[in-house]
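K.L.:
sequence below, structure please.
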Amino acid sequence: MPKRFVYVLRSLKQPERRYVGLTSDVGRRLAAHNAGLSPFTARYRPWSMTVCIEFADEGSASRFERYLKSPSGVEPGPGFAESGSVSSSASALRFVLARQ
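P.N.:
As a prediction, this is how the structure comes out:
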């Protein structure tokens, strides 16, 4: 089973603009975004990758991607300080990304 990656891109044109995605080939996917092949990212290119996390299976990667795209993934919630939980780890990641 191929590994999957959840990645976060930052627009170099508008640095406050970010994009979260899922892929099995990070280099090819970044090149596609920068070539304008994705309708959601074409007008904000060029893009740079700020975060890339590898997952052993697509299900875990897909759940994490959905979380980052959800309202819960935008700012740290009540469980932010609880170490070891997926929720607090994801919130911490999103919190750091929001402040870059």
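K.L.:
mind listing the helices for the protein?
P.N.:
Read by DSSP state H, the chain holds these helices, from start to end of the chain: 26-34, 58-69, 86-99.
K.L.:
ok, of the ones you listed, where does mean pLDDT dip lowest?
P.N.:
Among the helices of the chain, helix 86-99 carries the lowest mean pLDDT, at a mean of 48.
K.L.:
what is the burial count for T23?
P.N.:
Per other C-beta atoms under 10 Å, the neighbour tally for T23 reads 17. Bear in mind the C-beta positions are built from the backbone N, C-alpha and C, glycine included.
K.L.:
I figured S11 hits W47, correct?
P.N.:
Yes: the pair S11 and W47 qualifies as a contact (C-beta atoms under 8 Å) at a distance of 5.9 Å.
K.L.:
which one's more surrounded, these two?
P.N.:
More crowded of S11 and W47, by other C-beta under 10 Å: W47, with 22 against 18.
K.L.:
give me the common contacts of S11 and W47.
P.N.:
Common neighbours of S11 and W47, using C-beta atoms under 8 Å, 6 or more residues apart in numbering, are 19, 41.
K.L.:
once you drop chain neighbours, what's closest to Y19?
P.N.:
L9 (4.4 Å; C-beta to C-beta, 6 or more residues apart in numbering).
K.L.:
and the one you found, what does it touch?
P.N.:
For L9, the contact set (C-beta under 8 Å, 6+ apart) comprises 18-21, 30, 33, 41, 47-50.
K.L.:
buried ones among those residues?
P.N.:
For these, a neighbour count by 16 or more other C-beta atoms under 10 Å gives the buried set as 18-21, 30, 33, 41, 47, 49.
K.L.:
now those in JSON lines, with distance to P2?
P.N.:
As requested, the buried ones among the contacts of L9 are exported to JSON lines (distance: C-beta to C-beta, whole Å):
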{"residue": "R18", "distance to P2": "25"}
{"residue": "Y19", "distance to P2": "22"}
{"residue": "V20", "distance to P2": "19"}
{"residue": "G21", "distance to P2": "16"}
{"residue": "L30", "distance to P2": "17"}
{"residue": "H33", "distance to P2": "20"}
{"residue": "T41", "distance to P2": "23"}
{"residue": "W47", "distance to P2": "23"}
{"residue": "M49", "distance to P2": "19"}
